[in-house]
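J.: here's my sequence, what's the structure:
(one chain, ligands or ions: 2)
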Amino acid sequence: MALSGKVAVVTGGAMGIGRAITETLLQSGATVVLLDVNESAAKSLLDDLHKVYGRDRTLFLSCTVESEEQVKAALQKTVDTFGGIDILCNNAGILNEGEWEKTVSINLLGVIRGTYVALQHMNKLTGGRGGVVINTASMAGLGPLLSCPVYTASKHGVVGFTRAMAAASKASDYGIRFNAVCPGFVQTDLISNTKLKLGQFSHLEDATNQLMAEMRMLAPSEVAACVLELATDETKNGEALMVFAQGKQYVTFPTL
Ligand SMILES: NC(=O)c1ccc[n+]([C@@H]2O[C@H](COP(=O)([O-])OP(=O)(O)OC[C@H]3O[C@@H](n4cnc5c(N)ncnc54)[C@H](O)[C@@H]3O)[C@@H](O)[C@H]2O)c1
Ligand SMILES: CC/C=C\C[C@H](O)/C=C/C=C\C=C\C=C\[C@@H](O)[C@@H](O)C/C=C\CCC(=O)O
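T.: Ligands and ions are numbered 1, 2, ... in the order given. Below you'll find the predicted structure:
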């Protein structure tokens, strides 16, 4: 299988897109460590996964991506348990325009934190074995969602950070590829009760619902399949892969 012998870490791996990524990577032969704050969801998922994949290829570690200490401990535990890290999926994210600082803290700072801590373990220049980092951005990381400006900003930041890290890694010979997956609307808890999550922009919910209807919904597994493509195609570095109901498309960015 494509990922046999590989060790993957998935943040926000207990639910939604992260759960689908976890399952897809396991199906491809990887060992998966899922980090999440939702212990009940994670433990329920682990029970299901153990029945299918056994107990030796999955591990749940309670960890918020907002905490440097917890992320460092979780990734060290991963290395101590499984010998290294080959794939990091910075997937954890929230939608909350009312608590916009928390949105930035999780969606953007959490991606930066996970990347920088994992770099210490993955970088070939510091004893790592290289690998790939896949960041879950959004179509809102490529174009503005009028009802959630801060979420949009956080996801634009994820795309920019991913592309810059890809260039830095290539120029520095870290041996690590960096890519972003940019889904449209996906049927998960994140898009439930959006009116509450839009804060001062809740009056724009209808416009977003209209866009949702136009773009139609994705299943989490469709996003996970694109994550697997970015993980296994070693020609992909610095890419942003758009995923929408009609298909998928790599973004062509302007050359400055
Ligand atoms: N659902 C969509 O329409 C959509 C579209 C594009 C991108 N995304 C992005 O996909 C990612 C996953 O979202 P989802 O739709 O699966 O939502 P979800 O709410 O179903 O899952 C998010 C997971 O992240 C976990 N999480 C939240 N805060 C955390 C933290 N501080 N530390 C660790 N884990 C944390 C949650 O417990 C949950 O398990 C997010 O980055 C989101 O922005 C979602
Ligand atoms: C309320 C937010 C819910 C979920 C956030 C999640 O990340 C999903 C995002 C899904 C889609 C985002 C689309 C962003 C589109 C913008 O670029 C918009 O300004 C363009 C409008 C229509 C695009 C169609 C077109 O350009 O032809």
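J.: report the longest strand in this structure, please.
T.: Across the chain, the longest stretch assigned as strand under DSSP state E is strand 176-183.
J.: and that one, is it in reach of ligand 1?
T.: Yes. Contact between strand 176-183 and ligand 1, assessed by Cβ under 6 Å from any ligand atom, occurs at residue 183. No exception for glycine: its C-beta is placed from N, CA and C like everyone else's.
J.: could I get the contacting residues of the residue nearest to residue 184 when sequence neighbours are not counted?
T.: Nearest residue to residue 184 in three dimensions, chain neighbours excluded: residue 244, at 4.2 Å (Cβ to Cβ, 6 or more residues apart in numbering). Residue 244 makes contact with 139, 183-184, 215-216, 218, according to Cβ atoms under 8 Å, 6 or more residues apart in numbering.
J.: all helices for this structure, in order.
T.: Ranges of helices within the chain are 16-27, 39-53, 68-82, 100-104, 110-122, 149-172, 194-197, 205-215, 220-232, based on DSSP state H.
J.: out of the ones you listed, which is closest to residue 178?
T.: helix 149-172 (4.0 Å; Cβ to Cβ).
J.: flag every residue of the stretch 151-256 of the chain that's near ligand 1.
T.: 183, 185-186, 188-191.
J.: which of those sit farthest apart?
T.: 183 and 189 (14.6 Å).
J.: re earlier: among the residues of the stretch 151-256 of the chain next to ligand 1, the buried ones, what's the PyMOL command?
T.: Only the buried entries of these go into this PyMOL selection, using 16 or more other Cβ atoms under 10 Å:
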select buried, resi 183+185+186+188+190+191
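J.: among the residues of the stretch 151-256 of the chain next to ligand 1, which are in strands?
T.: With strands defined by DSSP E, the entries of those inside them are residue 183.
J.: ok, residue 103 - contacts?
T.: Residue 103 makes contact with 94-97, 150-151, 154, according to Cβ under 8 Å, 6+ apart.
J.: now residue 107. Nearest residue, chain neighbours left out?
T.: Ranked by Cβ to Cβ, 6+ apart and with sequence neighbours excluded, the top spatial neighbour of residue 107 is residue 154, at 3.7 Å.
J.: go on, residue 15?
T.: residue 41 (5.2 Å).
J.: what's the neighbour count on the one you found?
T.: 19 (other Cβ atoms under 10 Å).
J.: before we move on, what about residue 90?
T.: Using other Cβ under 10 Å, the number of residues around residue 90 comes to 30.
J.: so it touches residue 116, yeah?
T.: No. Look at residue 90 against residue 116 with Cβ atoms under 8 Å: they stay out of range, at 10.8 Å.
J.: just give me the neighbour total for residue 235.
T.: Residues near residue 235, counting by other Cβ under 10 Å, number 6.
J.: which residues touch the spatially most central residue of the chain?
T.: In the chain, the residue lying closest to the centroid (Cα atoms, centre = their mean) is residue 91, at 2.2 Å. Neighbouring residues of residue 91 by Cβ under 8 Å, 6+ apart: 10-13, 17-18, 21, 135-136.
J.: now do it against ligand 1, distance only.
T.: For residue 91, the distance to ligand 1 (Cβ to the nearest ligand atom, to the nearest Å) stands at 5 Å.
J.: dig out what residue 133 forms beta bridges with.
T.: Beta-bridge partners for residue 133, by DSSP bridges, are residue 88, residue 178.
J.: can you count the residues close to residue 234?
T.: That count, for residue 234 with other Cβ under 10 Å as the rule, works out to 8.
J.: neighbours around the closest residue to residue 76 other than its chain neighbours, how many?
T.: Sequence neighbours aside, residue 121 is the residue nearest to residue 76 in space, at 7.9 Å (criterion: Cβ to Cβ, 6+ apart). By the measure other Cβ under 10 Å, the count of residues near residue 121 is 21.
J.: might one say that residue 121 is in contact with residue 82?
T.: No. Counting by Cβ under 8 Å, residue 121 does not reach residue 82; the two are 11.0 Å apart.
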